[in-house]
Every structure is written in C-alpha cells, then in structure tokens.
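Undergrad: Predicted model follows, preceded by the sequence.
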Amino acid sequence: MNSVVFMALIATLGTWFVTALGAATVVFFKSPNQKVLNLMLGFASGVMIAASFWSLLQPAIERAEATSDLPACFVATVGFLFGAIFIWASDKIISLTRRRITNTQESQNTRFGRIIMLILSITLHNIPEGLAVGVAFGVLQNGAYDLEALMGAITIAIGIGLQNFPEGAAVSVPLRREGFSRKRSFLYGQASGMVEPIAGVIGALLVVYVEAILPYALAFAAGAMILVAVHELIPECQKNQEAHPYFATTGIVLGFAVMMLLDVMLG
C-alpha cells in the first residue's frame, strides 16, 4: 500500500476510534456533560473553519495555479461549491426519507425510524470528512513530506476526530433511551464512524493516482467542512447556553486560533 494512503488509513481509523469513544459514554453515563460537548463541538468548528482555508483552499489555489489551464480562483470556487452542494443534497435526501418514514409508520416505529435516520445522517456526513482527511494526506505524495503539509493533514484529522466524539454520543444515547442495551447502543454508535476509513483511503487514492483532480478535491473537502461546521456544529454547540452564553463560542475562537497558529508558524 502506498505510504500516504496508509497514513490516511491510520488517521481515519483514529477519527473512527474517537467516534467509538463518544459512543462508549453510554456505558458510563445516561448522557454526557453538555458543557463539555458544547466546548468540543465549538473547538472542532473553529479548527475545521481554519483548516478549510489554510490546509485546503490555499493549497488548492496554489496547485491550480501550478497545474491547471483554468484560472485558480475558478477551480477553487467550483470545487468548494460542489463540496457544499454534496452535503446539502445529502441533507435533503435524509430529510425526505425521514418524512416518508414519519408519514407511513406508527408512532412507536416512527421514533425508531428517527433514530435510524439520525444514524444514517451522521454516517453520510462522515463520508466527506473522511475524504477531507484522505485528500489532505494524499497531498504528501511524490515526496512532498514538508512539515506544513503534514501538520495540516494531522490537524484536520484532529479537528474531525474531536467533533466525532459528540457525534458518537449523539447516536448511542438516544438508542439507550429507546430501550436498547448499552452494548447495542455502543455498537450502533461506533458504526456511524466506520465509513471514514473507507472514504479516507478513497480520497487519498484519488489524489495519488489522478493528480489533476487534486485542486478540485482540496476545495471540495473545504466546502463540505465549512457547510458541516456552519450549518450543524456551530448551531448545535450553541444550544442550552443560557447560563454560559460564551462557553461554546470560546471553543470556536480557541479552535480557530490553534489551527491558525499551527499553520502560520509552520508556513
């Protein structure tokens, strides 16, 4: 196996493991601490937003300027929009399926159907996240093991891993509340992250063997990450903040600052 593909596999196995850790909270608690989850979601949002520019969009523009006949701004914009559209379309499909389940099943089965759709929704969103990690490591192909690119790939994996923790809990805890055993709740929760290693390997392979798509792939991953962060993670981490209105916001600012600091120092 190509070394960068192997690195992408290891990194996405790590992000899946964090999902499993989040799902494992159901073994010890009825529900994890909401303040901690808000802080983690906020921090992950900040990391993902900063990584989307410095580790994905900026390299996409640089690669497009060096390799593409099209204007670099056009390449980056097209890739970015397709990444955002992919997540938007995924949400639409999930919402449509959820409505059909609600309209056709009895109330008891509807509750279970909503949980199944939650699992499918989180699983689907893990695909572009795995692709983002795979693409980031795929950039290291052809001996480009510079410290900036390597740290960028690692920090993307860390940011995605952090936001996977509450996602794992978001699946396992509702299942436990619906009467599933702790073991089954954990198994379903961790399963939602198993697509990330597959998507990570695919993303790395595409970049390694089809180098022309690299600028588009980097921008695609950025668009997907921005939409997930802005549409889902930030609103979610801002819930239940009456007592501590700036708690999650602090996480967002810290996450952005840490990612920016790493990229600027290594640049």
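TA: Received, thanks.
Undergrad: Extract the C-alpha trace of stretch 228-237 and format it as PDB.
TA: Extracted in PDB, the C-alpha atoms of stretch 228-237 (Å, rounded to 0.1, in the frame of the first residue of the first chain):
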ATOM      1  CA  VAL A 228     -20.900  21.000   8.200                       C
ATOM      2  CA  ALA A 229     -19.300  23.400  10.600                       C
ATOM      3  CA  VAL A 230     -21.600  26.400  10.000                       C
ATOM      4  CA  HIS A 231     -24.900  24.600   9.400                       C
ATOM      5  CA  GLU A 232     -24.600  21.800  12.000                       C
ATOM      6  CA  LEU A 233     -21.700  22.100  14.500                       C
ATOM      7  CA  ILE A 234     -22.000  25.800  15.400                       C
ATOM      8  CA  PRO A 235     -25.800  25.800  15.900                       C
ATOM      9  CA  GLU A 236     -25.600  22.500  17.900                       C
ATOM     10  CA  CYS A 237     -22.900  23.800  20.300                       C
END
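Undergrad: Would you indicate which residues of it are buried?
TA: The neighbour-count criterion (16 or more other Cβ atoms under 10 Å) identifies 228-229, 232-234, 236-237 as the buried residues of stretch 228-237. Just so you know, the C-beta spots here come from the backbone N, C-alpha and C atoms, and that holds for glycine as well.
Undergrad: So which of these are in helices?
TA: The helices, defined by DSSP state H, take in 228, 234, 236-237 from these.
Undergrad: what pLDDT, on average, does the helix or strand hosting I158 get?
TA: Using DSSP states H and E, I158 maps to helix 147-177. Helix 147-177 shows a mean pLDDT of 78.
Undergrad: Moving C-terminal from that helix, which element do we reach first?
TA: Going down the chain from helix 147-177, the next helix or strand is helix 182-191, by DSSP H and E.
Undergrad: ok, which pair from the buried residues of stretch 228-237 is furthest apart?
TA: Pairwise distances across the buried residues of stretch 228-237 peak at 12.5 Å for V228 and C237 (criterion: Cβ to Cβ).
Undergrad: Confidence-wise, which of the ones in helices among the buried residues of stretch 228-237 comes last?
TA: By pLDDT, E236 ranks lowest within those, coming in at 77.
Undergrad: can you pull the alpha-carbon coordinates of the helix or strand where T249 lies into CSV?
TA: Using DSSP H and E, T249 sits within helix 247-266. Extracted in CSV, the C-alpha atoms of helix 247-266 (Å, rounded to 0.1, in the frame of the first residue of the first chain):
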residue,chain,number,x,y,z
PHE,A,247,-18.8,28.8,26.6
ALA,A,248,-19.1,27.2,23.2
THR,A,249,-18.1,30.5,21.4
THR,A,250,-14.9,30.4,23.3
GLY,A,251,-14.3,26.9,22.0
ILE,A,252,-14.8,28.1,18.4
VAL,A,253,-12.4,31.0,18.8
LEU,A,254,-9.8,28.8,20.5
GLY,A,255,-10.1,26.1,17.8
PHE,A,256,-9.7,28.7,15.0
ALA,A,257,-6.7,30.3,16.8
VAL,A,258,-4.9,27.0,17.4
MET,A,259,-5.3,25.9,13.8
MET,A,260,-4.3,29.3,12.5
LEU,A,261,-1.3,29.4,14.8
LEU,A,262,-0.1,26.0,13.7
ASP,A,263,-0.5,26.8,10.0
VAL,A,264,1.1,30.2,10.2
MET,A,265,4.0,29.0,12.3
LEU,A,266,4.7,26.1,10.0
